[in-house]
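Visitor: pasting a predicted model and its sequence here:
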Amino acid sequence: MKKIIISCFVAFGILGSLKAQESFNENIEEIAHWQEDYSKVKKLAKSENKPILIFFTGSDWCGPCKMLVSDVFKTEKFKKLSEEEFILYEANFPRNKDLISKSQKNDNSKLKETFGIKTYPTVVILDPKEKELGRLKGYNLMRETSYHYSFFKENIKNLE
């Protein structure tokens, strides 16, 4: 019985990953507005007094990252939340280096080192002065989004 259950989880994980890979040749920009210049992100966060949400991803190779984008970041629910509450920055570490500019690569490397990122996907939320409010690593194969939305709301409250 254990083997059957484990086999089902593995099969669902593989199917979910394949589905995510098929639907993820598009850019994360489709719905929410993700900034490409971290210096602009810092200025916007200060001027609008909003927290910064940084999404550490491997957009062209990380299956869980692709699922998180599909299930959370490309939804109308997230678009509405992010427009009201966050300045967004995608720290992308693709295998295809042509997907990001040289300045993005430099910014992303600095951010990765500053926050000690070792797992993808990782979401880090900073206050407007760049003090870390919280981080959430990984994404589950069951594709349960409630953890991420609870995390977002919790960190919005931490800023108030």
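Guide: Noted; the coordinates are in hand. Residues are numbered from 1 along each chain as shown.

Visitor: the residue nearest in space to the middle of the chain sits in which helix or strand?
Guide: Among the residues of the chain, Phe55 comes closest to the average C-alpha position under CA atoms, centre = their mean, at 3.2 Å. Assigned by DSSP states H and E, Phe55 belongs to strand 52-57.

Visitor: so what does that strand touch, helix or strand wise?
Guide: Strand 52-57 is packed against helix 38-48, strand 87-92, helix 102-115, strand 122-126, with contacts defined by 3 or more CB pairs under 8 Å, 6 or more residues apart in numbering; DSSP states H and E. All C-beta spots, glycine's among them, are computed from the backbone N, C-alpha and C.

Visitor: if we can go back for a sec, so what's the residue nearest to the centre of the chain bridging to?
Guide: Beta bridges link Phe55 to Glu90, Val123 when assigned by DSSP bridges.

Visitor: quick check: it touching Ile87?
Guide: No - using CB atoms under 8 Å, Phe55 is not in contact with Ile87, being 11.9 Å away.

Visitor: on that earlier part again, now the strand holding Phe55: mean pLDDT?
Guide: For strand 52-57, mean pLDDT is 98.

Visitor: same for the following helix or strand past that strand, what does it pack against?
Guide: Counting by DSSP H and E, the element after strand 52-57 in chain order, helix or strand, is helix 63-68. Applying 3+ CB pairs under 8 Å, 6+ apart, one finds that helix 63-68 makes contact with helix 2-22.

Visitor: what's the average pLDDT for the helix it packs on?
Guide: Taken as a whole, helix 2-22 has a mean pLDDT of 51.

Visitor: helix or strand next in line after the least confident helix or strand in the chain by mean pLDDT, which one?
Guide: Here the helix or strand of the chain ranked lowest by mean pLDDT, DSSP states H and E is helix 2-22, holding a mean of 51. Using DSSP H and E, the helix or strand that directly follows helix 2-22 along the chain is strand 34-35.

Visitor: list the neighbouring strands of that following strand plus their orientation.
Guide: With DSSP bridges as the test, strand 34-35 pairs up with strand 87-92 (parallel).

Visitor: name the surrounding residues that touch the strand it pairs with.
Guide: Outside strand 87-92, the residues that touch it by CB atoms under 8 Å, 6 or more residues apart in numbering are 28, 32-36, 38, 41, 44-45, 48, 50-59, 82, 99-100, 104, 107-108, 111-112, 117.

Visitor: let's see that with 7 Å instead.
Guide: Applying CB atoms under 7 Å, 6 or more residues apart in numbering, the contact partners of strand 87-92 are 28, 32-35, 38, 41, 44-45, 48, 50, 52-57, 59, 82, 99-100, 108, 111-112.
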